[in-house]
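# model this:
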Amino acid sequence: MKPTDTNHPEYFHKVVDCQYACPAHTPVPEYIRLIAAGRYADAYMINWESNVFPGILGRTCDRPCEPACRRGRIEEKPVAICRLKRVCADMKDDIRDRLPKIPKEKNGFKLAVIGAGPASLTVCRDLMPLGYEIDLFEATGKAGGFMRQQIPSFRLPASVIDEETGYILDMGVNAQFDTRVESMKALIDEGYDAVFVGTGAPSGRQLKLPGWENDGGKNIQVGVQWLAQVAFGHLTSAPEDVIVIGGGNTAMDCCRTALRLGAKNVKVLLRTPISAMVASPWEIEDTQAEGIPIIENHSPLEYIVEDGELKAMRFEVIEYSVDDDGREVFTPIGKEETIPCSLVLLAIGQANAFPWIERNIGVEFDERDMAKVDDVTYQSTNPKIFFGGDAAFGPRNIITAVAQGHQAALSIDMFLHGHELTDRPDPSTNLLSQKMGIHDWSYASAVSEEERNVVPHLDLAEAIKSHTVEVELGFDVPTAIEEAQRCLNCDVETVFTADKCIECDACIDICPVDCLTFTDNQEEAEMRRNLTVPALNLGQPIFVSDHLQTGRVMVKDEDVCLHCGLCAERCPTSAWDMQKFLYMAPKSYDRIKKEG
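As a prediction, the model looks like this:
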């Protein structure tokens, strides 16, 4: 194998599994260390730089970082990364004086941003400090998009949304609420230099079974639209018997909200087993903890409507399986079931709707009626129009929308300054040695043995009385510090210098997980098999050094290394060093840095 190029910015980035898995590439270990040190405002700003909404995401993120967490490889559960993010948001001081200063003299470019959801607000957050004038158009009365309209207040208080969207609106964005854009052509004709579309995926899917036409949409409702009515105070109660169809997070939000609005018998009906649900595991756990039954393997057949009133739903009981090609198979077992209900909430998927974008202005659409958008630059086939968030590629999640907003903002800035959009700035990276003196390090190398802490919840009897009282209480300071100490500091990298190594085997002897091997160089497949412990996870690289004095190489399996620093402590020649790696994904202002 060729020696590993550790100067490539993506090498150590991939080793910091949590940050690599985050769509916005938030430097997770960096802010967790700051939390452990009680520096909550500093930790918040590290988050804000990348994910823009630490308080919101600390409550609602889909947490792609946590399955990637290296802690999960040495015990059952990863670090509670998401809930630690909430800690820095809840415990920080006022951070307004740390926010970017907005230049009084503008740069001459004017943008239209459509929709006030996470992607759009991220675009505003990145471009306002560069001197852009931005008109933000939002069809509802407040900013937040689906963060406000589709996530119940008992999970995400309105005050948190107000605070974090306010940081961006207060930058001088010309926000025009209760203003629906009806024509893209008319907007372009107003002379905007570029337009960003961040309108989300506002249309929920209907399920038009027999009986649907007899209800008239009165008691068979789309879940996301029903949640929005609750969020804006248009709905304050639910009938006694409610059925929710669907197995995603929206379904979990619908049933838990219905319970809080007075429903006595709330049921979730699935075509699949619970094990095949797409909802986050913690959302399923919270739903079941509130006593809401989730009924498996029931395929909807009919709405039973009598004299214009919904009375029940009829289901076919099925057997679920997956064939050799990975396709779901639903096999009837000859049994049906009728379940009483007076409200059905459909949470079976969301769709985009762009009737307001004319088809003769250069924006091409695909067979799904989605705009054709470049998946790197987020530019449409009309070069002045950019998309991001759910409006770009369909429903995902908040952190993905933020990441796309960052990249769209960068593209808009490059486009308006005449740059090739594919020639994007490199990420900002550095490596800084943590050695302070003989066997003295600036971080704790001991691996904590504490198990993952459980986030405390409001007493169930109190929690279900209101749809606006937050259920999760968050960590207190001692618990937050204890949880932060479970982090393995994966961004503090083991860096090897071959010409200092005397091949004394001290690092081999001290390594607690046997991830180091002196060996003759081989092809990768053979090398992986012949290490002290075979390196079987092909998703993680193995480090291979330059040739040593004996002709052998040092090989390290990045998959199992704990970053404990014992190899560097034991090494008599400092061939091993612990160096903190910081990776910041490129943003719009990095275009200016690149130019000099």
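
# make it CA atoms for all contacts and neighbour counts henceforth
Fine.

# show me what the longest helix anywhere in the chain is packed against.
In the chain, with assignment by DSSP state H, the single longest helix is helix 398-416. Counting contacts by 3 or more Cα pairs under 8 Å, 6 or more residues apart in numbering; DSSP states H and E, helix 398-416 is packed against helix 40-51, helix 118-127, strand 385-387, helix 590-595.

# quick one, what contacts H457?
471-474 (Cα atoms under 8 Å, 6 or more residues apart in numbering).

# before we move on, the earlier item: which residues touch the longest helix of the chain?
22-24, 51-52, 57, 61-62, 109, 118-124, 126-127, 147, 193-194, 376-379, 386-390, 420-421, 587-589, 591.

# and the buried ones among those residues, selectable in ChimeraX?
Here is the ChimeraX command that selects the buried residues among those (16 or more other Cα atoms under 10 Å):
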select :22,23,24,51,52,57,61,62,118,119,120,121,122,123,124,126,127,147,193,194,377,378,379,386,387,388,389,390,421,587,588,589,591
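
# what about the helices in the stretch 451-596 of the chain?
460-463, 477-484, 506-510, 524-529, 566-570, 590-595 (DSSP state H, counting those that start in this stretch).

# need the winner for burial among those helices.
Compared across the helices of the stretch 451-596 of the chain, helix 566-570 shows the largest average neighbour count, a mean of 22 (mean count of other Cα atoms under 10 Å).

# what is the rounded mean pLDDT of that one?
The pLDDT scores in helix 566-570 average 92.

# likewise stretch 374-382?
Stretch 374-382 comes out at a mean pLDDT of 97.

# CA atoms only: put that stretch into PDB for me.
Backbone C-alpha positions of stretch 374-382 (Å, rounded to 0.1, in the frame of the first residue of the first chain) are rendered in PDB as follows:
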ATOM      1  CA  ASP A 374     -27.500  20.300  -9.200                       C
ATOM      2  CA  ASP A 375     -26.700  18.300  -6.100                       C
ATOM      3  CA  VAL A 376     -23.500  20.200  -5.400                       C
ATOM      4  CA  THR A 377     -24.300  23.800  -6.300                       C
ATOM      5  CA  TYR A 378     -28.100  23.700  -5.700                       C
ATOM      6  CA  GLN A 379     -28.500  25.800  -8.900                       C
ATOM      7  CA  SER A 380     -31.500  25.100 -11.200                       C
ATOM      8  CA  THR A 381     -31.400  25.100 -14.900                       C
ATOM      9  CA  ASN A 382     -32.200  28.800 -14.700                       C
END
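
# doesn't M313 fall inside a helix?
No - counting by DSSP: H, G, I helix; E, B strand; the rest coil, M313 is located in no helix; its state is strand.

# skipping its backbone neighbours, what lies nearest it in space?
Y303 (4.7 Å; Cα to Cα, 6 or more residues apart in numbering).

# contacting residues for the one you found?
209-212, 310-314.

# can you turn the buried part of those into a PyMOL selection?
Restricted to buried positions by 16+ other Cα under 10 Å, the PyMOL selection for those reads:
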select buried, resi 211+212+310+311+312+313+314
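
# okay, among the contacts of Y303, which ones form the most distant pair?
L209 and K311 (14.6 Å; Cα to Cα).

# could you pull out the strands for the stretch 401-550 of the chain?
In the stretch 401-550 of the chain, the segments counted as strands under DSSP state E, counting those that start in this stretch are 428-433, 435-437, 440-441, 492-496, 516-519, 542-544.

# neighbouring contacts of the shortest one?
Read that as strand 440-441. By Cα under 8 Å, 6+ apart, the list of residues contacting strand 440-441 reads 434-435.

# again, but for the first one
When contacts are taken as Cα under 8 Å, 6+ apart, the neighbours of strand 428-433 outside the stretch itself are 9, 577-586.

# for the fifth one, same thing?
Surrounding strand 516-519, the residues in contact under the criterion Cα under 8 Å, 6+ apart are 503, 507-508, 531-532, 552-557.

# in PDB, list the C-alpha atoms belonging to that strand.
Only the C-alpha atoms of strand 516-519 are listed here, as PDB (Å, rounded to 0.1, in the frame of the first residue of the first chain):
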ATOM      1  CA  LEU A 516      -1.300  -1.000  15.900                       C
ATOM      2  CA  THR A 517       0.900  -3.400  13.900                       C
ATOM      3  CA  PHE A 518       4.500  -3.400  12.500                       C
ATOM      4  CA  THR A 519       4.400  -5.400   9.300                       C
END
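
# neighbouring strands - and their directions - for it?
strand 553-557 (antiparallel) (DSSP bridges).

# for the partner strand, list the C-alpha coordinates in PDB.
Output in PDB follows, covering the C-alpha atoms of strand 553-557 (Å, rounded to 0.1, in the frame of the first residue of the first chain):
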ATOM      1  CA  VAL A 553       5.600  -0.100   8.000                       C
ATOM      2  CA  MET A 554       3.500   1.000  10.900                       C
ATOM      3  CA  VAL A 555      -0.200   0.300  10.300                       C
ATOM      4  CA  LYS A 556      -3.100   1.600  12.500                       C
ATOM      5  CA  ASP A 557      -6.700   0.500  12.200                       C
END
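
# same question for that strand, mean pLDDT?
For strand 553-557, the per-residue pLDDT averages 97.

# hang on, R396 in a strand?
No - counting by three-state DSSP, R396 is not part of a strand but coil.

# just give the nearest non-adjacent residue to it, would you?
Nearest to R396 is D390, by Cα to Cα, 6+ apart, at 6.2 Å.

# excluding chain neighbours, what is closest to A391?
G200 (4.6 Å).

# secondary structure class for that neighbour?
coil.

# what is the burial count for it?
Neighbour count for G200, taken as other Cα atoms under 10 Å: 30.

# buried among the contacts of H457? Need that as a selection in ChimeraX.
Applied in ChimeraX, the following selects the buried portion of these according to 16+ other Cα under 10 Å:
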select :471,472,474
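
# now the contacts of H457 in CSV, with distance to N297?
Formatted as CSV, the contacts of H457 follow (distance: Cα to Cα, whole Å):
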residue, distance to N297
V471, 30
E472, 31
L473, 34
G474, 35
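
# perfect, I'm done here.
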